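>>> structure here, sequence nowhere to be found:
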């Protein structure tokens, strides 16, 4: 990812430097929404479901889509050996500047057993979406099975996209289904100032859809946590043979 494409990283870096950036997310149907950069939230300001689920973190941790490093820093302080990864070079730079000891620019598709075995993989910030598609999720979940310890857990966050009355969102879901895509398989990009990320598929799923995706991958939901809205966290355990 070059500097022109790193819109997310630029917003994170500007926030680290004291700015108040607003990141724009554009969907493939032209729908846009603005999000303040809140990737620096301390644990006390996390959503209830995030606080509850993160208690299940154990041992060596892989933080996927680390952003500004909020999860990595929290778990580091708890004594965990944490590796923060992100596709954004500027986000990883911010992680390091903030004190994350181990941080690497690695896209999710390039994560592999060469990084060693992990006891916990965290995908916060709605980052279950980084799987991109039903098939992509199953493929990567099987790979995660090969790079984790026997009693490993995944701690992930997603958005139950069916919990909406927004007519634009409902129309997009119908369009997806008519094209053979999952309702929450969203084509989007981030925009900040003059930077534009490449278009990507981002997958938002209901709890039932998450359970279905996990079938045959060696993983099973242990517990769901909600905060009263559409966002939720799942603690997923490795199945024993």
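That came through, no problem. What you are looking at is a predicted structure, and each value in this text was computed from that prediction instead of being measured.
>>> just give me the residue closest to the centre of this structure.
Computing the C-alpha centroid of the chain and ranking residues by Cα atoms, centre = their mean puts residue 127 first, at 1.4 Å.
>>> thought that one was touching residue 156?
Yes. Using Cβ atoms under 8 Å, residue 127 makes contact with residue 156 at a distance of 7.1 Å. (Glycine included, C-beta is placed from N, CA and C.)
>>> tell me how many other residues surround residue 175.
Residue 175: 13 surrounding residues under other Cβ atoms under 10 Å.
>>> could you verify that it is part of a helix?
Yes. The assignment for residue 175 is a helix, going by DSSP: H, G, I helix; E, B strand; the rest coil.
>>> just checking, it touches residue 31?
No. Assessed by Cβ under 8 Å, residue 175 is found out of contact with residue 31, at 11.4 Å.
>>> can you classify residue 49 as helix, strand or coil?
helix.
>>> in contact with it, which residues?
157, 225, 226, 227, 231, 232, 233 (Cβ atoms under 8 Å, 6 or more residues apart in numbering).
>>> separation between the third one and residue 113?
Using Cβ to Cβ, to the nearest Å, we find residue 226 at a distance of 33 Å from residue 113.
>>> again with the last one
Residue 233 is 26 Å from residue 113, where distance means Cβ to Cβ.
>>> now the fifth one
Look at residue 231 and residue 113: by Cβ to Cβ, they are 31 Å apart.
>>> the more surrounded of those two?
Applying other Cβ under 10 Å to residue 231 and residue 113 shows that residue 231 carries more neighbours, namely 19 against 12.
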